[in-house]
Structure formats: C-alpha cells, structure tokens
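Colleague: predicted structure and sequence below. I'll ask about it afterward.
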Amino acid sequence: MNALRRPTYFILAALLEGPLHGYGIIKRVEDLADGELRLRAGTLYAALDRLADQGLVIADHEEVVSGRLRRYYRLTPEGGATLAAEATQLRQAADVVLCAGRPATVPAGTA
Amino acid sequence: MTVSERVYRVALGVYPAGYRATREDEILATLAEGQGERVLPRAGELAALVRAGLAERNRTDLIEGGRWWWRGLGSLAVPLTCVNAAVALAGLWVAWSLPAGPGPWWPVFAALAVALAIASAARLTAVSTVLGVANLAMAGLDALTMLQNSGTSPHLRMLEHYPSAGEQVGMSTARFGEGPAFPDPSASVPSNPSELVPFTVVLALACVGAMLSRRAGLGARARVVRAGLTLAIAASLAGIALADQDGRFAFLLVPALAIAAFGLIAGLFYARAAVVAVAILVGSAPSVFWYLSSSLRVEQLGGGLTSATRDVMPGLIAVGCMVAAAGLAAAFARRTARTERESLSR
C-alpha cells in the first residue's frame, strides 16, 4: 500500500474518535495539525470519495441542521487498520532519526 | 441565498451533473459553515472546487469507459461552433468590404454556424465539428500557399498589395513614399496587445457561461442562453477581425494563447480538456504563423534603394511555443488519465 498523503492521513485520523460531518472533519483536521492544514471543501470531498471507493470510510448517517444537510462519515475497520499501519511506519521512520544511538553529525573538514 | 452561496453554486457547475445531484447540498452546507460572517466567497475554496470538479469529470469519463481522447475530440464541437460563427461573421464583413470578396465559403459557414448555435442541437454539433476542422484546415492550406508563393492567397487581400520579394529590392524610396503601392505592413497587426484584453475576457466569460448554462435548473432557457452566448463570442471575435481589417487572423492568436493556458492547467486534472486544447493549438498553428508572418521588414539599402523582406521569425517562434504547449498538454492528459486509471483499478 502506498503511503497516505498528508491530508488523507489527517482525515482518517480525524474520524478516529467517531463520525463527523464535512465541516466537523475540516475543524478537527485543523486542530490535529496545529492549524497548519486547512482543508478546502473541494479537496475534502474529493478525498472522501476516494477513501469511500477504497472502503476506508463510509457514510454513517444524515442530519438536517438549520435547513442544511449534514452527512456524517466514519472509519471502516479497514480504514482504522490502514491508519494504524501508516502511523506505525511513520513512527519507525521518525525513530531512525530521533532514537538513533548518537545524533547524526556532519564531519568537519571533509574533502 | 447569500452572495457567496450563489457563487459557490455556480462553481459547482464544473462537477458532472450526476455528482451534483447527490453532493451539491452537502458541499454547500460545509462551505456555508466555513464561511462564517464573511460575505464574499473565498478564492481558495473556489479554486479547490474547480480543480476537484475537473478531476471528478475526468474520473467519470474513465469510469464510463471508452477512449477518453475520442470523447475529448467530441468536446471540440462547442468551441468550434464559436470559431465557425466568428470566422463566418468576419468573412461576411470582408466579403462586404472588398470588391473581390474572400471566397465563397465563409457566408456558407456563417449561415450554418449561426443556425447551429441557435438550435444548439446535440446531434448537429458533429456537423459543426466537421466544419470547424475544415475551417482550420483551409487556414493551414492558406499558410502553405503563402510559403510557396508569397502574397497570392485569396484570403489575405492586403498582402496582394505587396510586390514579391524579388521585386522589392530595387524599389526606389520615391516609390515607397507614394503610399498605396506599399502600405504600412503593421496596419493589419493590432498596434497594442492590450486592445485584445477585453475581447479575451469576454471570450473567457462567454465560454464559461456557455458551459455553465448547461446546468440542470436553467431548463428551457438554457438553449437560448447558450445560443446568445455563442453569438456574443462570435460578435466579439468578429469585432477583432473587423478592427484589424484582415478578416480572420488576429482573433485566432489570442484565443489560441488562452486555450493553451487553459489546456495546460486543466490538463493536470481533466484529460478531455487537454485534448480540446491540443487539437485547437495544432489546428490553428498554421494560421497564427501566417498572421504573424504577414509583416514586412523594410531596410534602406542606400543609393535610393529599399529592401523589404518577410519576417517569419515571430511566426516560427509563436508556432514553436504553441506546438510545445500542445505537447505539454498532451503529456499532462496522458499522465492524468493514467493516474486516474491506476487509482480506479486498485
């Protein structure tokens, strides 16, 4: 499986705690990424479509709030497994740098 | 409905109709929540909608099967209807203005193209496509004629005032000063490129409007709107042609550049759009070459002699750029289609 792209990773992560609707996902992703990732609606729904096609996300239920349609999405078991596998890989990759025996240094005066 | 919602709804017109039927209300609700108290729509959201809409069209094309580039060629019908109408209207103007007329074809195209635009009948757009290709091919033949025997093409009357290259050397400056035998070659070229900006804007808006007028909800009015927009495009383009008194060529240049830019950008997300751009760029390259090569470079040789040579470099450079842009758009289209296919087959 290819590595997930950053927005995709955070969308899946946003759904870890339960179903969310479109704007809920956008806000949650923004919080998780410390405000550094703000999803546009067009980008979000394109990603949700792909994730649904891959069976990683599924529409859960719908609500009408103030006359507007809210469709909630949740992780499928496969989506949860994919996210966990990705997180493990990221941790391993991070450990290569952060938990090495000694910090990587550039030898001075190399020719 | 707020201003921003109206604008977002128009931008959502880029998505395929089937997608909008199931998703439009939900996406609008998400946009409305993110909008807060803000009145005007966010440019970033609009750009993301257009980009995702084009990508969704690409996806739908590939899911439906068939050859995507063949569908792209089918999509040529709408722009070619506009080109037909414009060329034809310009041709009519030239026919009325010049004693000999521009040849018998343009009034015929005019009648057909305008009729098709008004009818907007889907089945007849195939006829329009064939006529459009014929127009572009004839322009290409004209360009070849110019290369073989400069100045004898029946469609570029002004060039006939020029002596052939061999006769120009040895012409006296006194003769040069007489005027009519040797008119200002720059007269056919718009003196300031910015003059074409309003027409380009009108063209772009009209094209987008024509596309969006297909949206469900416009109902029976859609055909009238589309026909009106097509004629507006045609009138604009004919106006450019009329302004430079050449008949046909100035207007091909600016749309070609606009289409090149559109094809390159859209090709990143939508293979079919890139096919349209490639076809028009390649088809109009000979005409652009001819148009840009219609100016003469005049040099004083001394002793009262003047040399005038046809400067083909601008034409060659422009055509080179257009072919390069077409190649790039084609490459984008292939990559976009392949990436989407791989994603669908996973």
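Modeller: Structure's in. What do you need? Residues are numbered from 1 along each chain as shown, chains lettered A, B, ... in the order given.
Colleague: what about the longest helix in chain A?
Modeller: Longest among the helix segments of chain A by residue count, using DSSP state H, is helix A:77-98.
Colleague: tell me how many other residues surround B:Gly44.
Modeller: Neighbours of B:Gly44 under the rule other C-beta atoms under 10 Å in any protein chain shown: 12. To be clear about C-beta, it is placed using only N, CA and C from the backbone, and glycine gets the same treatment.
Colleague: over to A:Leu83?
Modeller: Around A:Leu83 there are 20 residues (other C-beta under 10 Å).
Colleague: so which bits of chain A are right by chain B?
Modeller: Counting by C-beta under 8 Å from any C-beta of the partner chain, the residues of chain A close to chain B are A:21-23, A:26, A:40-46, A:49-50, A:53-54, A:68-71.
Colleague: from these, list just the buried residues.
Modeller: A:21-23, A:26, A:40-46, A:49-50, A:54, A:68-71 (16 or more other C-beta atoms under 10 Å in any protein chain shown).
Colleague: so of these, which ones are in helices?
Modeller: Filtering these for helices - DSSP H - leaves A:Gly22, A:Tyr23, A:Ile26, A:Ala41, A:Gly42, A:Thr43, A:Leu44, A:Tyr45, A:Ala46, A:Asp49, A:Arg50.
Colleague: pull the most distant pair out of these.
Modeller: A:Tyr23 and A:Arg50 (19.3 Å; C-beta to C-beta).
Colleague: pull the longest helix from chain B.
Modeller: In chain B, assigned by DSSP H, the helix with the most residues is helix B:313-345.
Colleague: now name the helix or strand holding residue 60.
Modeller: Looking at chain A here, since you left the chain open. strand A:57-65 (DSSP states H and E).
Colleague: try again with chain B
Modeller: helix B:43-63.
Colleague: ok and that helix relative to helix B:313-345, angle-wise?
Modeller: Interaxial angle, helix B:43-63 versus helix B:313-345 (axes from the mean of the first three to the mean of the last three C-alpha atoms, to 10 degrees): 70 degrees.
Colleague: output the next helix or strand after helix B:43-63 in PDB with nothing but the alpha carbons.
Modeller: Per DSSP H and E, the first helix or strand lying C-terminal to helix B:43-63 is helix B:68-74. What follows is helix B:68-74 as a C-alpha-only set of coordinates in PDB (Å, rounded to 0.1, in the frame of the first residue of the first chain):
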ATOM      1  CA  TRP B  68     -11.000   9.500 -23.300                       C
ATOM      2  CA  TRP B  69      -9.200  11.200 -26.200                       C
ATOM      3  CA  TRP B  70     -12.100  10.400 -28.500                       C
ATOM      4  CA  ARG B  71     -14.500  12.000 -26.100                       C
ATOM      5  CA  GLY B  72     -12.200  14.900 -26.000                       C
ATOM      6  CA  LEU B  73     -12.400  15.300 -29.700                       C
ATOM      7  CA  GLY B  74     -16.100  15.200 -29.400                       C
END
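Colleague: average model confidence for helix B:68-74?
Modeller: Per-region confidence: helix B:68-74 scores 71 on mean pLDDT.
Colleague: what residues does that helix touch?
Modeller: B:58, B:61-62, B:129, B:271-276, B:279, B:333, B:337 (C-beta atoms under 8 Å, 6 or more residues apart in numbering or on different chains).
Colleague: pull the contacting residues for A:Ile26.
Modeller: A:Arg38, A:Leu39, A:Ala41, A:Leu44, B:Thr30, B:Gly34.
Colleague: looking at these, which is nearest A:Ala93?
Modeller: Using C-beta to C-beta, those come closest to A:Ala93 at A:Leu39, 23.9 Å.
Colleague: in stretch B:313-333, what's buried?
Modeller: B:Gly315, B:Ala318, B:Val319, B:Cys321, B:Met322, B:Ala325, B:Ala326, B:Leu328, B:Ala329, B:Ala330, B:Phe332, B:Ala333.
Colleague: from B:Ala331, how far out is the fifth one?
Modeller: When you say that, I think you mean B:Met322. Counting by C-beta to C-beta, to the nearest Å, the gap from B:Met322 to B:Ala331 is 15 Å.
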